[in-house]
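Participant: sequence plus the predicted model coming up.
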Amino acid sequence: MKEFKARCSAIGQIMANGRGKDTAGATCYGYLQDWITEQLFGVRRQLDTKPMAKGRAVEDAAIEFAGANLGWFMPEKNERLFENDWITGTPDIVEGTSIVDIKSSWDAFTFPLWDSKPPMGYVYQLQGYMALTGLKHAQLVYVLMPTPEEICGEVQSYDHVPAKYRIKAYEIKRDDAIIEAIYDRVQMCRNIIEVELLTKLK
């Protein structure tokens, strides 16, 4: 079995604490159990919800819409997988000296119109991307795009709403203390896998 590395999109799960500050919580253990199952059976767990389906369907349009309104120069989706000794990840966009990650909200009520701070799970994800690329700045960008009819049964259009209410960008600076905490947690996860979880399968 290969050595455990966390996907950036899952760092928030492994960073979930138990009752003690420096203990892994149930969310972390569940993720590690899934990871071991993936390794043993050679398959990856497939989660497919309507919000996820929408995200895939509108991804290119969301990048174009955000780029046009935030002043990016011809943003292109990144396809390169980055990896180091601890984590792996594929940022949506590597634009100059910045990472950009696009989140397409399901509807107007899941769009973070009123939220002043980004979810910590996404902060961890972008810190991971910055660690992998060596960059020091990232943007988490929520975009509210029309929902295709084939996903929800009817077209949910927001084209009548000004763009400033359909895009929410959070600026996130590199934090080396957070990155070191992520690496420490990956090492803790490796110990949990070897000492606790794999021994249950023997």
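Facilitator: Okay, I see it.
Participant: low-confidence ranges, the chain, go.
Facilitator: 20, 73-75 (pLDDT under 70).
Participant: helices along that one, start to end?
Facilitator: Counting by DSSP state H, the chain has helices at residues 11-14, 26-41, 50-57, 59-70, 120-133, 149-152, 176-191.
Participant: how about the ones you listed, which one is nearest residue 5?
Facilitator: With Cβ to Cβ as the measure, helix 176-191 is the member of the helices of the chain nearest residue 5 (6.9 Å). C-beta here means a position set from N, CA and C on the backbone, and glycine is covered the same way.
Participant: just checking, residue 146 touches residue 152?
Facilitator: No: taking Cβ atoms under 8 Å as the definition, residue 146 is not a contact partner of residue 152, at 10.2 Å.
Participant: so which bits of stretch 191-202 are buried?
Facilitator: Buried residues in stretch 191-202, defined by neighbour count with 16 or more other Cβ atoms under 10 Å: 192, 193.
Participant: list the contacts of that stretch.
Facilitator: Contact partners of stretch 191-202, identified using Cβ atoms under 8 Å, 6 or more residues apart in numbering, comprise 1, 4, 24, 28, 29, 32, 33, 35, 36.
Participant: how close does the last one get to residue 200?
Facilitator: The reference is to residue 36. 10 Å (Cβ to Cβ, to the nearest Å).
Participant: residue 169: neighbour count?
Facilitator: Using other Cβ atoms under 10 Å, residue 169 has 15 other residues around it.
Participant: contact partners for it?
Facilitator: Here residue 169 is in contact with 66, 70, 139, 140, 141, 142 (Cβ under 8 Å, 6+ apart).
Participant: list the buried ones in stretch 3-18?
Facilitator: Residues of stretch 3-18 classed as buried: 4-16 (neighbour count, 16+ other Cβ under 10 Å).
Participant: and the furthest pair within those residues?
Facilitator: Within the buried residues of stretch 3-18, two members stand farthest from each other by Cβ to Cβ: 5 and 16, at 17.7 Å.
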